[in-house]
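Novice: what's the 3D shape of this:
(one chain, ligands or ions: 2)
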Amino acid sequence: MKKEYSCKVISKKMLNSDTAYLTIKCPDIASSAVPGQFVNISCSRFLKRPFGIASVDKVNGTFDIGVKVVGKGTVEIAAFEEGQDVEVLGPLGNGFTFDSSKNYILVAGGTGVFPINFASQYLRENNINFKVVEGFRNASQVVLNEPDYVLCTDAGDIGIKGTCIAGLDTLDENFVKDSVLCCVGPLPMMKACGNWATEKGIPSFVSMEQRMGCGIGICLVCVCKLKAEANGEEFKHVRCCKEGPVFPFEEVIF
Ligand SMILES: Cc1cc2nc3c(=O)[nH]c(=O)nc-3n(C[C@H](O)[C@H](O)[C@H](O)COP(=O)(O)OP(=O)(O)OC[C@H]3O[C@@H](n4cnc5c(N)ncnc54)[C@H](O)[C@@H]3O)c2cc1C
Ligand code: FES
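Specialist: Ligands and ions are numbered 1, 2, ... in the order given. I've put the predicted structure just below:
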């Protein structure tokens, strides 16, 4: 299946001072992507940059990405305007799988809010029960928040003061016990959320957004360690772009 596409930016809006939200036309990606997968986006710099797919519109053949400016590549991509031509590789990696007999707890930290937004879109469209817990540094960083989401900020200037764990602790135990937790965010946050799920006796999955080079399994820039199952090895290396980025929490060595 063709994976590299010449596309156009259909619309762009700024979610806050340093985060852009782009809608890109690509019917193939819109129809085939699953939550947790990502795309590689071209800019004038060497190597494309990876972004989680934030939602898809199968009718109009578009998908969205959120881009937080952190360096030269994201400065450029966040400045794209409507009509911009862009080379896109995707959808890449393995995303989340959902079981309609379970509840889902989606936890997003920082830019993890974008792939989690696609997961919530999927669960809503498939009538699967879910709750969303979002964590940001402070009110100015809050994006893609909905009134029924549990919002936490480190600064406490909006929502619950504290990490996502403080938000997770507000969830109803009866909902939690039949749930699967899916988390995207910084490593310490995913580790804490995975441990929280383990304490509750529920499965959890994390998305390992390692630094990437090629995004397609060739360069080995993105490897992380998983517990090994066989051969007496303690761990094995896996490529987050190819075997991941989503892995069962209990297999990841943080
Ligand atoms: C699978 C995946 C999905 C992602 N999804 C999103 C998304 O939806 N929205 C979004 O805004 N960003 C996302 N990112 C991060 C984004 O790809 C990086 O911020 C971007 O590549 C940085 O490019 P740059 O040229 O601006 O910065 P660089 O000049 O390359 O780096 C600037 C700073 O950003 C840090 N950085 C670079 N890449 C990463 C990374 N992967 N994780 C953490 N820190 C990094 C560097 O260490 C450095 O401190 C994702 C990353 C991965 C691997
Ligand atoms: S980014 Fe090159 S192997 Fe994963």
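
Novice: and E125, how many residues sit next to it?
Specialist: Other residues lying near E125 total 9 when counted by other CB atoms under 10 Å. For glycine as for every other residue, the C-beta is placed from the backbone atoms N, C-alpha and C.

Novice: that one and S100: what is the separation?
Specialist: As judged by CB to CB, to the nearest Å, E125 and S100 stand 12 Å apart.

Novice: against N117, how distant is V9?
Specialist: According to CB to CB, V9 stands 18 Å off from N117.

Novice: neighbour-wise, which of these two wins?
Specialist: N117 (26 against 20).

Novice: surely the more buried one is in a strand?
Specialist: No. N117 is assigned helix when assessed by DSSP: H, G, I helix; E, B strand; the rest coil, not a strand.

Novice: for G162, what are phi and psi?
Specialist: phi 140, psi -170 (degrees, to the nearest 10).

Novice: start at 5, not 1
Specialist: Happy to do that; since the first residue is 5 now, the last one works out to G166.

Novice: so it touches A159, yeah?
Specialist: No. At 10.2 Å, G166 and A159 do not qualify as touching, with contact defined as CB atoms under 8 Å.

Novice: could you tell me the average pLDDT over stretch 115-125, please?
Specialist: What stretch 115-125 shows for mean pLDDT is 98.

Novice: contacting residues around that stretch?
Specialist: Stretch 115-125 is contacted from outside by 37, 39-40, 42, 55-60, 69-70, 72, 99-100, 102, 108, 110-112, 134, 136, 138, 140, 147-148, 186-190, 211, 213, using CB atoms under 8 Å, 6 or more residues apart in numbering.

Novice: from the residues you listed, which would you call buried?
Specialist: 37, 39-40, 42, 55-60, 69-70, 72, 99-100, 102, 108, 110-112, 134, 136, 138, 140, 147-148, 186-189, 211, 213 (16 or more other CB atoms under 10 Å).

Novice: and I57, what's its pLDDT?
Specialist: Per-residue confidence (pLDDT) for I57: 98.

Novice: now N98
Specialist: As predicted, N98 sits at a pLDDT of 96.

Novice: so what's it up against?
Specialist: N98 makes contact with G40, Q41, E247, G248, P249, V250 under the criterion CB under 8 Å, 6+ apart.

Novice: name the member of those with the most neighbours.
Specialist: Neighbour-wise, the contacts of N98 (other CB under 10 Å) top out at P249, 27 neighbours.

Novice: distance of the residue in the stretch 155-258 of the chain that ligand 1 sits nearest to from G236?
Specialist: As assessed by CB to the nearest ligand atom, ligand 1 sits closest to E213 within the stretch 155-258 of the chain, at 3.7 Å. E213 is 31 Å from G236, where distance means CB to CB.

Novice: cool, A58 as well?
Specialist: To G236, A58 is 42 Å away according to CB to CB.

Novice: one more: L230?
Specialist: Counting by CB to CB - L230 and G236 are separated by 15 Å.
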